[in-house]
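A.B. asks: Using only what follows, build the 3D model:
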Amino acid sequence: MEHLNLTDIHRKLDQLLGAFKRVKEENLKLKADAENWQHERSRLLQQNELARNKIAEMLGRLRNLEQEQHD
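C.D. replies: Residues are numbered from 1 along each chain as shown. Predicted structure coming up:
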């Protein structure tokens with residue numbers, strides 16, 4: 001291994017610390033993004049369920065109306 005002087009070691013350590021800081025910040029951002037996507041997914045699933053229930057209710061009413069017309 002090549003001989004490194006103290007200045008080179010400090011420079012490499014600063015680079016390593018900078019890289020660590022960037023990765024840590026990116027990790028925090030990704031975790032926040034993942035949490036936001038989970039909330040959005042949950043909201044969309046709720047909306048989907050509401051829409052499904054409304055459609056089922058409308059279909060039931062239509063069937064009742066159809067039955068009433070045939071009676």
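A.B. asks: In this structure, where is pLDDT below threshold?
C.D. replies: Where the chain drops to pLDDT under 70, the residues are 1-2.
A.B. asks: Pick out the residue closest to the middle of it.
C.D. replies: The centroid of the chain falls nearest to residue 37 when counting by C-alpha atoms, centre = their mean (1.9 Å).
A.B. asks: That one: helix or strand, and which one exactly?
C.D. replies: Using DSSP states H and E, residue 37 sits within helix 6-70.
A.B. asks: CA-only coordinates of stretch 49-62, as CSV, when you get a sec.
C.D. replies: Provided in CSV are the C-alpha atoms of stretch 49-62 (Å, rounded to 0.1, in the frame of the first residue of the first chain):
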residue,chain,number,x,y,z
GLU,A,49,-63.5,1.1,-1.7
LEU,A,50,-66.0,4.0,-1.4
ALA,A,51,-66.5,4.0,-5.2
ARG,A,52,-67.0,0.3,-5.2
ASN,A,53,-69.6,0.5,-2.5
LYS,A,54,-71.4,3.4,-4.3
ILE,A,55,-71.5,1.4,-7.6
ALA,A,56,-72.8,-1.7,-5.8
GLU,A,57,-75.5,0.5,-4.2
MET,A,58,-76.5,2.0,-7.5
LEU,A,59,-76.6,-1.4,-9.2
GLY,A,60,-78.9,-2.6,-6.4
ARG,A,61,-81.2,0.3,-6.9
LEU,A,62,-81.3,-0.3,-10.6
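A.B. asks: Show me what counts as buried in it.
C.D. replies: Across stretch 49-62, burial judged by 16 or more other C-beta atoms under 10 Å covers no residue at all. For glycine as for every other residue, the C-beta is placed from the backbone atoms N, C-alpha and C.
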